[in-house]
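Asker: here's my sequence, what's the structure:
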Amino acid sequence: MLLDEPFSGLDDRMRESVRGDVLALLRGEGTATVFVTHDPDEALRSADRIVLLREGKIVQQGVPAMVLNSPADVGAAAFFSSINAFSGWVQNGAAATSVGAVATAGMVDGAAVTVVFRPRDLEVAAGGLAVTVTEAGMASDGLHVTAAPDQGAAIVCILDTSACVRAGDVIHLMAKVGRGFTFPA
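Answerer: Just a heads-up that it's a prediction; the model follows:
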């Protein structure tokens, strides 16, 4: 069965309920289904297997956890959330950025890389990159912050809901240990 954006017209709560019922019915009947969606959360919650397409070509495919946690490229990482991208170079098995280093297994020293952090990969920490908060708004999943360093693109992060941060504040951001992805530049 082909389902092309079948729940896109429903509000969030109704969408979850109807999607759950429909997918349970299809799984219970053993019906092979191709479910087309542009909503990354819907794909992660619904799929046994995800196939990411770009310009009609398969970019990556696999079980949801693998596609989310091991993106094939910057575009695949960006499908699941906004990203913060930094340029860097591999040195001694890692790429240093202004918010922390990321391991670069299998990449040769001197190679140019793009280092990507998702908003949840960053936290406020002493000694991190100084940024000025330009926007801060509370949501159910955390405090969504946009901040500007002295040089470079704006940085987006999602902080714990207990964070007391407002526009105009200067905070210091650091990558959480073990977070981030590296890709050839």
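Asker: hey, let's count contacts and neighbours off CA atoms from now on
Answerer: Will do.
Asker: and the longest strand that the chain contains, what's buried?
Answerer: With DSSP state E setting the assignment, residue counts place strand 122-139 as the longest strand in the chain. Residues 122-124, 128-136 are the ones in strand 122-139 that count as buried (16 or more other Cα atoms under 10 Å).
Asker: quick check: mean pLDDT across stretch 174-185?
Answerer: The average pLDDT for stretch 174-185 rounds to 95.
Asker: show me the contact partners of the longest strand of the chain.
Answerer: Applying Cα atoms under 8 Å, 6 or more residues apart in numbering, the contact partners of strand 122-139 are 98-100, 143-150, 157-159, 161, 165-176.
Asker: contacts for the helix or strand just after that strand?
Answerer: Using DSSP states H and E, the helix or strand that follows strand 122-139 in sequence is strand 142-149. The contact list for strand 142-149, computed with Cα under 8 Å, 6+ apart, reads 129-138, 154-161, 163.
Asker: what helix or strand is Leu23 on?
Answerer: Going by DSSP H and E, Leu23 is in helix 12-29.
Asker: contacts for that helix, please.
Answerer: 7-8, 32-33, 46.
Asker: chain center to stretch 44-63: distance?
Answerer: Here stretch 44-63 is found 15 Å from its chain centre; the criterion is Cα atoms, centre = their mean, to the nearest Å.
Asker: no, scratch that, I was asking about stretch 145-164
Answerer: Worked out by Cα atoms, centre = their mean, stretch 145-164 lies 15 Å from the chain centre.
Asker: any buried residues in it, and which?
Answerer: Those would be 145-149, 154-159, for stretch 145-164 by 16+ other Cα under 10 Å.
Asker: need the CA coordinates for that stretch. PDB is fine.
Answerer: Provided in PDB are the C-alpha atoms of stretch 145-164 (Å, rounded to 0.1, in the frame of the first residue of the first chain):
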ATOM      1  CA  VAL A 145      18.100  29.500  21.700                       C
ATOM      2  CA  THR A 146      19.600  31.300  18.700                       C
ATOM      3  CA  ALA A 147      22.900  32.900  19.500                       C
ATOM      4  CA  ALA A 148      25.600  34.800  17.500                       C
ATOM      5  CA  PRO A 149      29.300  34.400  18.000                       C
ATOM      6  CA  ASP A 150      31.600  37.300  17.200                       C
ATOM      7  CA  GLN A 151      32.400  35.600  13.900                       C
ATOM      8  CA  GLY A 152      30.500  33.000  11.900                       C
ATOM      9  CA  ALA A 153      26.900  31.900  11.500                       C
ATOM     10  CA  ALA A 154      24.300  31.900  14.100                       C
ATOM     11  CA  ILE A 155      24.200  28.900  16.400                       C
ATOM     12  CA  VAL A 156      20.900  27.100  17.400                       C
ATOM     13  CA  CYS A 157      20.700  25.100  20.600                       C
ATOM     14  CA  ILE A 158      18.100  23.500  22.800                       C
ATOM     15  CA  LEU A 159      18.900  23.900  26.500                       C
ATOM     16  CA  ASP A 160      17.200  22.400  29.500                       C
ATOM     17  CA  THR A 161      13.900  24.100  30.400                       C
ATOM     18  CA  SER A 162      15.500  25.200  33.700                       C
ATOM     19  CA  ALA A 163      18.000  27.500  31.800                       C
ATOM     20  CA  CYS A 164      17.500  31.200  32.500                       C
END
